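> here is a sequence with its predicted model. Questions after.
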Amino acid sequence: MMKTMLVIISLFGALTSQAVVAAYHQRDDVQNFIAEMVEQYGFDKNHLTELMSKVEKQTTAIEAIARPAEGKPWKEYRPIFLTKKRIQKGVEFWRQHYDELTRAENDYGVPAEIIVAIIGVETFYGRRAGNYSVLDALTTLGFDYPLENTTKERQQSREIFFRKELKEYLLMSREEKVDPRSLKGSYAGAMGMPQFISSSFRAYAVDYDGDGKRDLWTSTADAIGSVANYFKRHGWVKGKPIVARAQVTNKARELGSKDMKPHTSIKNFKQQGAVPLQSFADNELATLLELDGSKGSEYWLGLNNFYVITRYNHSPLYAMAVYQLGQAVATEYFASR
């Protein structure tokens, strides 16, 4: 009986401790954040304090951000997104939203298959947009980013990032006239069909259906236009190539880089033994990627438009999944017309 009572007391203490930690509005760092929002942006202190008092710590968000899919090798990452079902749903999405995709391609110069692939990779065409309270997720990661498996410096930099996104989210909510408690997103606070973070929403989201509001949750037109706008604003060049497999000599493998920004001409790569398996202009700049494929190392030359995809998500694996899914969807789409 005594042992049972001790267990109950221990559990109660743990729950009480968690509740204290979760009372964000009582913490000094959160109060400082509130004061900054009041001073710099004219928010009402009492309103923000009440808002933060209702935030619930999202432990699963902390767990999820510690194990991103981009940490997998390419041979394990690729099968997550290049599936028959995702390709077929992409074809259906293209057919259903042909007019909006065609208009966005004409307006922004971004191919329909790339827009489709972004939404397909991010949320399976809007089906998996996340069920986290965006406010809860951003507050949790902004003030309790996990130190486990990371350095203190990285923890601090990520806390700064998520606090900035929390600031952007509160500003966005005020601008869009929505209750900040009402919006749902990913464990990292990404929102809607294209999973825009708050700063991206404010900078790149567009009202593409003309109803007077930017809605990335239920307006497919707004999601399509916003993705296309994001890419154009980040330097997408209409009609230019994206990426291609390369045949690489042993010596040329040393040219591989983690820097996704193109820095070496195709001509120079050829001269050093990295030859693209499709024709590019010699003056095009590229970067050489090495991916751990199912049959060994794969070498790819990524050009400017590939780099633009990495501005959406900095992982080259992500950009490659978007490119290959887009190509697969386009192949099936045009074959079925």
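Okay, I see it. Keep in mind it's a predicted model, so treat the numbers as computed, not measured.

> ok, residue 55 - contacts?
Residues in contact with residue 55 (CB atoms under 8 Å, 6 or more residues apart in numbering) are 22, 24-25, 133, 135-136, 139-140. (C-beta placed from N, C-alpha, C; glycine too.)

> the closest residue in space to residue 302 that isn't next to it in sequence and residue 324: what is the separation?
Using CB to CB, 6 or more residues apart in numbering and skipping the chain neighbours, the partner closest in space to residue 302 is residue 243 (4.6 Å). Residue 243 is 9 Å from residue 324, where distance means CB to CB, to the nearest Å.

> so the residue nearest to residue 302 touches residue 299, yeah?
No: assessed by CB atoms under 8 Å, residue 243 is found out of contact with residue 299, at 10.9 Å.

> which neighbours do these two share?
Going by CB under 8 Å, 6+ apart, residues that sit against residue 243 and also against residue 299 are residue 289.

> ok, and what's touching the strand or helix carrying residue 138?
Per DSSP states H and E: residue 138 is located in helix 134-143. The contact list for helix 134-143, computed with CB under 8 Å, 6+ apart, reads 24, 27, 29-30, 33, 51-52, 55-59, 61-62, 65, 158-159, 162-163, 165-166, 169, 180-181, 183-189, 191, 198.

> just to revisit the earlier point, check the contacts of residue 55 and tell me the two furthest apart.
Between any two of the contacts of residue 55, the greatest separation by CB to CB is 15.4 Å, found for 25 and 133.

> more neighbours: which of those two?
More neighbours surround residue 133 than the other of residue 25 and residue 133, with 22 against 16 (other CB atoms under 10 Å).

> and the more buried one, what does it touch?
When contacts are counted by CB under 8 Å, 6+ apart, residue 133 touches 55-56, 58, 181, 183-184.

> average pLDDT for the helix holding residue 138, rounded please.
When pLDDT is averaged over helix 134-143, the result is 97.

> dump the residue contacts of residue 316.
Going by CB under 8 Å, 6+ apart, residue 316 touches 260, 289, 291, 302, 310.

> of the residues you listed, which belong to helices?
Using DSSP state H, the members of the contacts of residue 316 that fall in helices are residue 310.

> closest to residue 231 among the contacts of residue 316?
For the contacts of residue 316, the minimum distance to residue 231 (CB to CB) is 11.4 Å, reached by residue 310.

> thought the closest one was touching residue 319?
Yes: using CB under 8 Å, residue 310 is in contact with residue 319, at 4.7 Å.

> buried sites along stretch 103-113?
103-105, 108, 110-113 (16 or more other CB atoms under 10 Å).

> compile the residues you listed into TSV and extend it with columns for secondary structure and pLDDT.
Converted to TSV, these look like this (DSSP: H, G, I helix; E, B strand; the rest coil; pLDDT from 0 to 100):
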residue	secondary structure	pLDDT
103	helix	98
104	helix	98
105	helix	98
108	helix	98
110	coil	98
111	coil	98
112	helix	98
113	helix	98
